[in-house]
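S.K.: Build me a structure from this.
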Amino acid sequence: MKETEQIIRTEYSELMQKSYIDYAMSVIIARALPDVRDGLKPVQRRTLYDMHELGIRYDKPYRKCARIVGDTMGKYHPHGDSSIYEALVVMAQDFKKGMPLIDGHGNFGSIEGDGAAAMRYTEARLKKITQEAYLADLDKDVVDFGPNFDETEKEPLVLPVKVPNLLINGAEGIAVGMATSIPPHNFGEVIDGVKAYMKNPDINTEQMMQYIKGPDFPTGGIVVNQDELLSIYATGMGKIKVRGRVEIEKGKGGKERLVITEIPYTMIGAGIGKFLNDVCALVETKKTTDIVDISNQSSKDGVRIVLDLKRGADTGQLCALLYKKTRLEDTFGVNMLAVADGRPETMGLVPMIRHHVNFQFELASRKYRTLLNKELEKKEIQEGLMAACDVIDLIIEILRGSKNIREAKACLTTGQTENIRFKTQTSRKQAQKLRFTQRQATAILEMRLYRLIGLEMEALLKEHETTIKNIADYEEILGSRTVMAKTIMRQLDALKKEYAVSRKTSIENAQEIVLKEETPKELDIVCLMDRFGYIRAVDVATYERNQEAADSESKYTIFCRNTDKIGLFTNRGQMHLLKAIDLPFGKFRDKGQPIDNLSNFNSSEETLLFVAPLSQMRAQKLLFATKMGMLKLVDGLEFDVGKRTTAATKLSEGDEALQIGYFSEGMHLVMQSKKGMFLRIPAALVPEKKKGAVGVRGIRLAAEDMLEAVYFLKDGESMTISYQDKTIELHRLRVGSRDTKGVKRS
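M.R.: A predicted model of the protein is given here:
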């Protein structure tokens, strides 16, 4: 019988909302955010567990990363090999992790941003700390296991990590609508902090920071806002200011050099290259003349960036310039967000340690409960074997007289003697009194005869004594939270003794950098820009001596002060600001710099239409005309802004600015379309609008027609153009009205 279809009607918005929430929670919980208990994201947890299952221990040979990635993806993490390999690589990089969890063999990238080699070339194995503090006790039922994605395997829902990995290694992740950013900390300090909390659960953040001083970045550096750390660790949010470490070395000939030996954690990767470029830019723009050479001498032994200085250089002022104008001083944004009890939560330092300690007590309880049950089983068997040795002749008689194991086992456990042949009635009566447990009976039946040797019996007695002692110890641990806490702390002490390292990052309250920038002497300059977009500045006297050449070679000639800003207006309706002080200043024949390098202007995507200094624009009105025939006037004061880029006009979809210029009294403008329509109107007919407005229609264009050119005619000015082999005198065109079709000229 064919099943009838059932159509479920639902509101589309509700369905989308539910689907998006499900997707967002999947990203948050199952991919992007770490669990507060083990400090690991799912991909990290699965990779480590897979390596554990494959037997790639710290004392075993390395295995190809491709094998690890493929096995992890096939069994536990079906999200693509690149994400798994990237997680594996990061866990092996000592410049990113406070405590690397994987021992990598091969090219695993560099601090300068070089990527790792392909996974078919690299090899890896677990670190000893990972084996001992992250994956131990998995066989003791300390954590819950769940089905993998296709329910063919079991995987741990959390790893039994014995140390606060979330603090030691930090975390970074971007989810849907939220992100986490936790700095790494010193291993030994974090252990001390955990012990302090276990001794005093009411400890506050300030007291905790006596043990955990602050972040300890693997790249070192100096945290310079120590007083703000208390607020950051209390709320779980804030900004940590980090500076690189700069040393002054003596060079040849009395010269000095600055050597950067540690960098901010945020400079890892492309940040180092960006820093080198920024230093070069400071030299090129004459912000400093003290640097004569820069070289990156970094190696696997550490960072070493050398700045060679000229004799007599002011090293203090230069350090201040580097801190202020480059990423040698940077900000690490802290957002201590993690998954706690199945939901994302922003936590301070103490709550994060509280979650970890509660997890440790849960792990210890489950571990010692499992061990206790095993010892109780051993005790039961041992007592059975010892009792069996006292009546071994009777047991042998039972075994010889039984037809099968079932009859023998029934006799040992319940005293049933039917169907069993005994030599004497006395033996039968003794057998009827036997009451071994099922486990004891099984052990007796499986016992080998060599266990009856005297030395073996002594070993059994000693083993029994050890078992009794273990049971007492485990019961004491399980029966007292204080004893359990001491046990956990002993384990932490052992880990600290073996793996703790000295702090790399210094923490202090440094003074705010005050950069003594010399106020430039104000003077009149002339900015010259050629048709290729190269711009430079000269003084007025130099311009006047070379005026003819300057005017012929320059597309734009701008007279302004060196303290002024220059507006670059583009066809996309944007205005980019350019500081006159940033322009190369010098001789007439000196080469300029592309405006792309000095502003946000992009010559490959934009066309320059108008250039003017802000000081001049303030007293003027600007006239805008677009390809779709839209016109407007804008007060020049509206462009006196601080942003490097601002919208100069609003454009409709598909439209772009065609002509921009100053408005003057008695001015006319002539609009020319692609289909040969011309319209001349007085500029006074164009209304004044805000820069965020579209404007009004200047000419009524036919379908698929648009403006090709717009000409601004000053009062009384004559202008002649050539159009389709004809000469058109624009100043003789009949004056029309705005928003009309104009006249045909073809």
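
S.K.: all contacts plus neighbour counts: C-alpha atoms, from now on.
M.R.: Noted.

S.K.: and the gap between the residue nearest to the spatial centre of the chain and Asp393?
M.R.: In the chain, the C-alpha nearest the mean C-alpha coordinate belongs to Glu172, at 4.4 Å (Cα atoms, centre = their mean). Between Glu172 and Asp393 the computed distance is 70 Å (Cα to Cα, to the nearest Å).

S.K.: got it, and Met447?
M.R.: Distance, Met447 to Asp393, using Cα to Cα: 14 Å.

S.K.: Is the residue nearest to the centre of the chain bridged to anything, and to what?
M.R.: Ser181 (DSSP bridges).

S.K.: List the contacts of it.
M.R.: Residues near Glu172 by Cα atoms under 8 Å, 6 or more residues apart in numbering: Leu33, Ala179, Thr180, Ser181, Ile182.

S.K.: confidence score at it?
M.R.: With respect to pLDDT, Glu172 has a value of 90.

S.K.: and the least confident of the contacts of Glu172?
M.R.: Among those, Ala179 carries the weakest pLDDT, at 85.

S.K.: Please give me every residue in contact with that one.
M.R.: Going by Cα under 8 Å, 6+ apart, Ala179 touches Leu33, Glu172, Gly173, Asn335, Leu337.

S.K.: quick one: which of the contacts of Glu172 is most hemmed in?
M.R.: Using other Cα atoms under 10 Å as the neighbour test, the contacts of Glu172 are led by Leu33, with 26 neighbours.

S.K.: mind pulling up the phi and psi values for it?
M.R.: Reported as degrees, to the nearest 10, the phi and psi values for Leu33 are phi -110, psi 140.

S.K.: hang on, it packs against Gln44?
M.R.: No. Here Leu33 does not reach Gln44: they are 11.0 Å apart, not a contact under Cα atoms under 8 Å.

S.K.: so Ala118 sits in a strand?
M.R.: No. Per DSSP: H, G, I helix; E, B strand; the rest coil, Ala118 lies outside any strand segment and is coil.

S.K.: Relative to Asn277, how far out is it?
M.R.: Taking Cα to Cα, one finds Ala118 at 29 Å from Asn277.

S.K.: again with Ala388
M.R.: According to Cα to Cα, Ala388 and Asn277 sit 84 Å apart.

S.K.: following the lengthiest helix in the chain, which helix or strand comes up?
M.R.: For the chain, the helix with the greatest residue count under DSSP state H is helix 349-390. Using DSSP states H and E, the helix or strand that follows helix 349-390 towards the C-terminus is helix 392-401.

S.K.: May I see the buried residues of that following helix?
M.R.: By 16 or more other Cα atoms under 10 Å, the buried positions in helix 392-401 come out as Leu394, Ile395, Glu397, Ile398, Leu399, Gly401.

S.K.: Between these, which sits nearest Ala709?
M.R.: Taking Cα to Cα as the measure, Ala709 lies nearest Leu399 of the buried residues of helix 392-401, at 114.1 Å.

S.K.: Quick check: phi and psi at the closest residue to the closest one other than its chain neighbours.
M.R.: Leaving out its chain neighbours, the residue that sits closest to Leu399 by Cα to Cα, 6 or more residues apart in numbering is Ala408, at 6.0 Å. Ala408 has phi and psi values of phi -70, psi -40 when expressed as degrees, to the nearest 10.

S.K.: confidence score at the nearest residue to Tyr265 once chain neighbours are set aside?
M.R.: Excluding the flanking residues, the one nearest Tyr265 by Cα to Cα, 6+ apart is Thr219, at 5.7 Å. For Thr219, the pLDDT comes out at 93.

S.K.: OK, contacts around Thr219?
M.R.: Thr219 makes contact with Phe95, Lys96, Glu262, Ile263, Pro264, Tyr265, Lys504, Thr505, according to Cα under 8 Å, 6+ apart.

S.K.: Next, format the residues you listed as CSV and append distance to Gly254.
M.R.: Formatted as CSV, these follow (distance: Cα to Cα, whole Å):
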residue, distance to Gly254
Phe95, 35
Lys96, 38
Glu262, 25
Ile263, 27
Pro264, 30
Tyr265, 33
Lys504, 32
Thr505, 31
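
S.K.: In strands, which of these fall?
M.R.: Glu262 (DSSP state E).

S.K.: Among the contacts of Thr219, which one lies nearest to Asn107?
M.R.: Using Cα to Cα, those come closest to Asn107 at Phe95, 13.8 Å.

S.K.: Relative to Ile111, how far out is the residue nearest to the closest one when sequence neighbours are not counted?
M.R.: Once flanking residues are discounted, Phe95 sits nearest to Pro218: 5.3 Å by Cα to Cα, 6+ apart. Pro218 sits 11 Å away from Ile111, going by Cα to Cα.

S.K.: next one: Leu614
M.R.: 44 Å.

S.K.: contacting residues around stretch 188-198?
M.R.: The contact list for stretch 188-198 (Cα under 8 Å, 6+ apart) reads 163-164, 167-168, 203, 208, 211-213, 353-354, 357, 485, 489, 492-493, 496, 499-501.

S.K.: just the buried members of these?
M.R.: Of the contacts of stretch 188-198, these count as buried by 16+ other Cα under 10 Å: 163-164, 167-168, 208, 211-213, 353-354, 357, 485, 489, 492-493, 496, 500.

S.K.: distance of Gly238 from Val190?
M.R.: 20 Å.

S.K.: who has more neighbours, these two?
M.R.: Using other Cα under 10 Å, the more surrounded residue of Gly238 and Val190 is Val190, with 25 against 19.

S.K.: so where does that one fall, helix or strand?
M.R.: Assigned by DSSP H and E, Val190 belongs to helix 187-199.

S.K.: cool, Ile84 as well?
M.R.: Element membership for Ile84, per DSSP H and E: helix 81-90.

S.K.: Report the buried residues of that helix.
M.R.: By neighbour count on 16+ other Cα under 10 Å, the buried set for helix 81-90 is Asp81, Ser83, Ile84, Tyr85, Glu86, Ala87, Leu88, Val89, Val90.

S.K.: Tabulate those (a markdown table), appending distance to Ser298.
M.R.: Shown next, in a markdown table, are those (distance: Cα to Cα, whole Å):
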| residue | distance to Ser298 |
| --- | --- |
| Asp81 | 31 |
| Ser83 | 28 |
| Ile84 | 29 |
| Tyr85 | 26 |
| Glu86 | 24 |
| Ala87 | 25 |
| Leu88 | 24 |
| Val89 | 21 |
| Val90 | 20 |
